[in-house]
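Engineer: Fold the stuff below for me.
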Amino acid sequence: MSTKTTTSTLMKVCELATTCPGCSLWGTSYNEQLHEKTKRLEQLFQGHLAPNTTRSHSAGEYGLRERFDFIIKENQIGLIDKERNFIPINKCLQLAPKLQEAFDLITQTKFNIRIGTIRLRVSSHNQVSKYGLWLDFANNDIKNLLVEKTVLQKLSKDFFIEVGQKKKCLDETSFDKEQIKLADPKMQHWFYTYNYKTNSPLNLNCAVSSFTQPSAATAKLMTDIIAEWMSGHTQNVWEFGCGIGQYTFPLLSLGHKVSVFENDEFALESVKRTAEENNLKDNLTINAGDFQRPQTITQTSPDTVLVNPPKSGLKSFAQNVIAAHPNKIIYVSCYPESLRADSEIFLQHNYKITQAHIVDQFPQTNHFEVVMLFERVNI
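Structural biologist: Residues are numbered from 1 along each chain as shown. So this is what the prediction gives:
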């Protein structure tokens, strides 16, 4: 389950590199990008991380992303920069080839709205035949599209379309009606994780709008790190912020008992269905719970707590983690500054950082993922 650090320094040509906000490090060699990200993490944790011990991992410099969010503005597709300027985009070298195909189709579509957000997604290993498209538009714009019908009918030939925050999809039986109707959300295998017992991919149920990592390849780098730390004897694991089960099912496949806590009801239903499909229900306990609210937990105390909070971090919930008194805390973070703030509580309660890994999910940008292991010191 070891991973390798990428050393390629190949630089492709991007016509928008000087203006597009999506790739702020474009023009910097990739080795230097990884070095600077490692340096940033080590500086944040100075005194708590041994020098030159942080490992970095990458699945490549370009063409990784299997989902991406874009802005639609006046029939153009693009991104917003720090000055709130809209930057139109015709091609993006960070998109996986299949996602670029979806992008090309969308650029030919005229939505006739002032502004809105879309998410494009492709199935990580072709379990869904269509591209995924999530339209996060104003209610009036959605209504107009449903009445107009032509745009959505044309797109539905190539895209599975999801609409709004409630994850509604199109009722294709209503295409010949006065307006298109919306149907209940639909789970599909857009993403996958890994089953270490069978050494094979494990399909995850989710919606187009569900949170996943940007690609299954980079997600597996993080999963491999956690699986390596959790190899050995069976443990009782509490996982806070399980989402659709990216880490849940690998842990179950290793024989661990896993209690998950998640406040997204659709994500929990996705976890239930995936567990049923893969006969992994026996050691799984599902709990609905909000990260930021203290809660009373009655299960047997955990050996390990795995947390995967939003960008804002755990905040006061870190006290709940300490109260559980686990031997290990595995922290997955998309924002090292909030990880650093939360780590103070752990370090003050007899935990030390024993391993830290950077996973470069966002090449050409300043962003990266951190997987950090805290272990309790017996005093």
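
Engineer: and N205, helix, strand or coil?
Structural biologist: strand (DSSP: H, G, I helix; E, B strand; the rest coil).

Engineer: wait, C20 sits on I89?
Structural biologist: Yes: with contact defined as CB atoms under 8 Å, C20 counts as touching I89 (6.5 Å). C-beta coordinates here come from the backbone N, C-alpha and C atoms, glycine included.

Engineer: What residues of stretch 364-372 count as buried?
Structural biologist: 364-365, 367-372 (16 or more other CB atoms under 10 Å).

Engineer: Now find how far off-centre that stretch is within its chain.
Structural biologist: Its chain's C-alpha centre and that of stretch 364-372 lie 12 Å apart, by CA atoms, centre = their mean, to the nearest Å.

Engineer: pLDDT score for M1?
Structural biologist: pLDDT for M1: 44.

Engineer: Just give the nearest non-adjacent residue to I180, would you?
Structural biologist: Spatial nearest neighbour of I180, chain neighbours left out: L146 (4.6 Å); criterion: CB to CB, 6 or more residues apart in numbering.

Engineer: Tell me the secondary structure of that neighbour, please.
Structural biologist: Recorded secondary structure, L146: helix (three-state DSSP).

Engineer: follow-up on the earlier one: pull the most distant pair out of the buried residues of stretch 364-372.
Structural biologist: Largest separation among these by CB to CB: Q364 and M372, giving 23.6 Å.

Engineer: Return every residue with contacts to both of C20 and I89.
Structural biologist: Common neighbours of C20 and I89 (criterion: CB atoms under 8 Å, 6 or more residues apart in numbering): L79.

Engineer: Am I right that G164 is in contact with I142?
Structural biologist: Yes: the pair G164 and I142 qualifies as a contact (CB under 8 Å) at a distance of 6.3 Å.

Engineer: So for those two, which sits in the more crowded spot?
Structural biologist: Legend: neighbour count by other CB atoms under 10 Å for G164 and I142, higher for I142 (19 against 15).

Engineer: hey, what's in contact with both of G164 and I142?
Structural biologist: Common neighbours of G164 and I142 (criterion: CB under 8 Å, 6+ apart): L135.

Engineer: Who does Q76 form a beta bridge with?
Structural biologist: Per DSSP bridges, the residues bridged to Q76 are K73.

Engineer: Could you shift the numbering so residue one becomes 576, and keep it that way?
Structural biologist: With the count now opening at 576, the last piece we talked about shows up as Q651.

Engineer: what number of residues lie near it?
Structural biologist: Residues near Q651, counting by other CB under 10 Å: 15.

Engineer: For F824, see how far away it is.
Structural biologist: 40 Å (CB to CB, to the nearest Å).

Engineer: for I655, same thing?
Structural biologist: Applying CB to CB, one obtains 35 Å for the distance of I655 from F824.

Engineer: before we move on, what about E837?
Structural biologist: Using CB to CB, E837 is found at 14 Å from F824.

Engineer: What of G830?
Structural biologist: G830 is 12 Å from F824, by CB to CB.

Engineer: In terms of packing, which of those two has more residues around it?
Structural biologist: Taking other CB under 10 Å, G830 and F824 do not tie; F824 has more neighbours (27 against 15).

Engineer: Could you measure from that one over to F686?
Structural biologist: F824 sits 37 Å away from F686 when distances are taken as CB to CB.

Engineer: Return the set of buried residues in stretch 830-842.
Structural biologist: 831-837, 839, 841-842.

Engineer: no, scratch that, I was asking about stretch 913-927
Structural biologist: Buried, per 16+ other CB under 10 Å, within stretch 913-927: 913-918, 920-922, 924, 926.

Engineer: Among the residues you listed, which pair sits farthest apart?
Structural biologist: With CB to CB as the measure, no two of the buried residues of stretch 913-927 lie farther apart than S913 and H924, at 18.1 Å.

Engineer: quick one on the thing from earlier: so which of the buried residues of stretch 939-947 comes closest to Q608?
Structural biologist: Once CB to CB is applied, the member of these that ends up nearest Q608 is Q939, at 7.3 Å.
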